[in-house]
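[1] No letters, just coordinates:
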Ligand code: NAD
Ligand code: UD1
């Protein structure tokens, strides 16, 4: 069974390639390396001791994709390729709409032409906006507050329309909560350039001394200790969720949407404290103003994925904090 992984050199894509290879799938990666490095391919090979085919191409390019689908007998696609920085999407909306929508439309057209109608798509919990209650189930109303989130919601709509027009398609939409952590080997993980926007990469850079202290965005939220609560999920658990989703689209036609989270909410201070404890390192922080647009709390109902995909996250917060630090410590320069 051959799976095309778009954005397979990225953070979640690379971990998913490892799980796919270890589950016996053949993997073909297409990535333009706009937010990743080519050496990730070798790292995936080292971890799994298996071969991977890599095309350094842009998913928006019809000719390049056509070439891949002609060369390879692709059975199904996992579509990670996309731009993902919320703040940047507000300042460069056209770039986000162009890249995320164009890549998806091009991919779907070429898949259709080659009669490859099985796809797993990376959506985000961001499509729930500010949830009216918790935990969040997949049938909650959807709303977005930034262009990045809007691209995810639009792609979900495109996929629903596509299935409505042709019931031969088999589509799984995965709404990720907050992926953190890294592969145990320390070979692949997340280490954004510059000043990170997200909590765990920021904490790690404070721990390694690259940044002075963490700014905790607000301690007056309606949560256990006043700081924001999120559903953090180990990226390896998340990757395993994709294997279950691929099995599902292989088995039956249809379209369905699943939350991939742990169902547990942790506050910013709980994350900081756990990180300090398991890594035995100090993370200085100060409380600052709320970040505009942030919500109090967000965590998933995991029942649908458990029931229909037979998948649940297994790794605990200790493991997430250890593995995140292990990766960055091993890859400092
Ligand atoms: P990432 O940036 O690490 O990986 C995305 C990969 O796609 C990168 O390697 C990039 O080079 C590639 N890419 C981007 N545009 C491309 C194009 N036009 N053609 C070919 N390759 C292209 O991001 P990630 O964290 O691994 O996220 C993967 C997917 O999951 C994204 O669609 C993201 O929006 C979604 N998602 C991520 C999170 C998160 O917190 N990381 C949460 C929810 C959803
Ligand atoms: C981010 C994305 C969102 C995406 C989600 C899951 C942004 C603005 N939003 O949101 O679109 O769906 O991840 O991947 O990027 N925090 C601090 N200090 C920091 C950074 C964060 O206190 O330096 C706090 C935040 O206020 C929040 C929590 O930590 O309470 C988590 O923040 P972050 O990692 O950015 O994730 P989300 O806000 O959930």
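    Happy to help now that I have it. Computed from a predicted structure; not experimentally measured. Ligands and ions are numbered 1, 2, ... in the order given.
[2] From now on I want contacts and neighbour counts done on CA atoms only, so please keep to that.
    Noted.
[3] What residues does the stretch 51-200 of the chain have near ligand 1?
    Applying C-alpha under 6 Å from any ligand atom, one finds that the stretch 51-200 of the chain approaches ligand 1 through 57-60, 80-84, 99, 103, 122-124, 176, 178-179.
[4] and the residues you listed, which of them are in strands?
    Secondary structure from DSSP state E places 122, 123, 124, 176, 178, 179 of those in strands.
[5] Now flag whichever of the residues you listed is closest to ligand 2.
    Sorting these by distance to ligand 2 puts residue 178 at the head of the list, at 4.2 Å, by C-alpha to the nearest ligand atom.
[6] quick one on the thing from earlier: of the ones in strands among the residues of the stretch 51-200 of the chain next to ligand 1 - the most surrounded one?
    Neighbour counts for those were taken using other C-alpha atoms under 10 Å; the highest belongs to residue 123, with 25 neighbours.
[7] Name the nearest residue to it, sequence neighbours excluded.
    Among residues not flanking residue 123 along the chain, residue 175 sits closest, at 4.6 Å (C-alpha to C-alpha, 6 or more residues apart in numbering).
[8] gap between the one you found and residue 300?
    Distance of residue 175 to residue 300, computed by C-alpha to C-alpha, to the nearest Å: 10 Å.
[9] go on, residue 200?
    Using C-alpha to C-alpha, residue 200 is found at 19 Å from residue 300.
[10] try residue 176
    Between residue 176 and residue 300 the distance, using C-alpha to C-alpha, works out to 9 Å.
[11] and the lowest-mean-pLDDT helix or strand in the chain, which residues are buried?
    Among the secondary structure pieces of the chain, namely its helices and strands, helix 86-91 has the lowest mean (mean pLDDT, DSSP states H and E), a mean of 94. Residues of helix 86-91 classed as buried by neighbour count (16 or more other C-alpha atoms under 10 Å): 86, 89.
[12] Any stretches of the protein with poor pLDDT?
    When the per-residue scores of the chain are filtered using pLDDT under 70, the ranges that remain are 333.
[13] quick one: the strands in it?
    With strands called from DSSP E, the chain shows them at 2-6, 26-30, 53-55, 76-79, 118-124, 170-176, 178-180, 214-217, 229-230, 232-234, 254-260, 266-267, 285-288.
[14] among these, which is the most enclosed?
    The densest packing among the strands of the chain, expressed as mean neighbour count by mean count of other C-alpha atoms under 10 Å, is seen in strand 232-234 with a mean of 26.
[15] Partner strands of it and their direction?
    For strand 232-234, sheet partners with direction are given as strand 178-180 (parallel), following DSSP bridges.
[16] Residues touching the partner strand, excluding its own?
    Here strand 178-180 makes contact (C-alpha atoms under 8 Å, 6 or more residues apart in numbering) with 200, 230, 231, 232, 233, 234, 235, 238, 261, 320, 324.
[17] I figured residue 84 was touching residue 148, is that so?
    Yes: under the criterion of C-alpha atoms under 8 Å, residue 84 makes contact with residue 148 at 6.4 Å.
[18] So between those two, which is more surrounded?
    In terms of neighbours (other C-alpha under 10 Å), residue 148 is the more surrounded of residue 84 and residue 148; the figures are 26 against 17.
[19] hang on, that one packs against residue 82?
    No: no contact is recorded between residue 148 and residue 82 when judged using C-alpha under 8 Å, the distance being 9.5 Å.
[20] picking that back up, okay, the ones in strands among the residues of the stretch 51-200 of the chain next to ligand 1 in JSON lines with distance to ligand 2 next?
    Listed next are these as JSON lines, based on distance: C-alpha to the nearest ligand atom, whole Å:
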{"residue": "122", "distance to ligand 2": "11"}
{"residue": "123", "distance to ligand 2": "9"}
{"residue": "124", "distance to ligand 2": "5"}
{"residue": "176", "distance to ligand 2": "7"}
{"residue": "178", "distance to ligand 2": "4"}
{"residue": "179", "distance to ligand 2": "6"}
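[21] OK, now which residue of the stretch 151-300 of the chain is nearest to ligand 1?
    When distances are taken as C-alpha to the nearest ligand atom, the stretch 151-300 of the chain reaches nearest to ligand 1 at residue 176, 4.7 Å away.
[22] Fine by me, we can end here.
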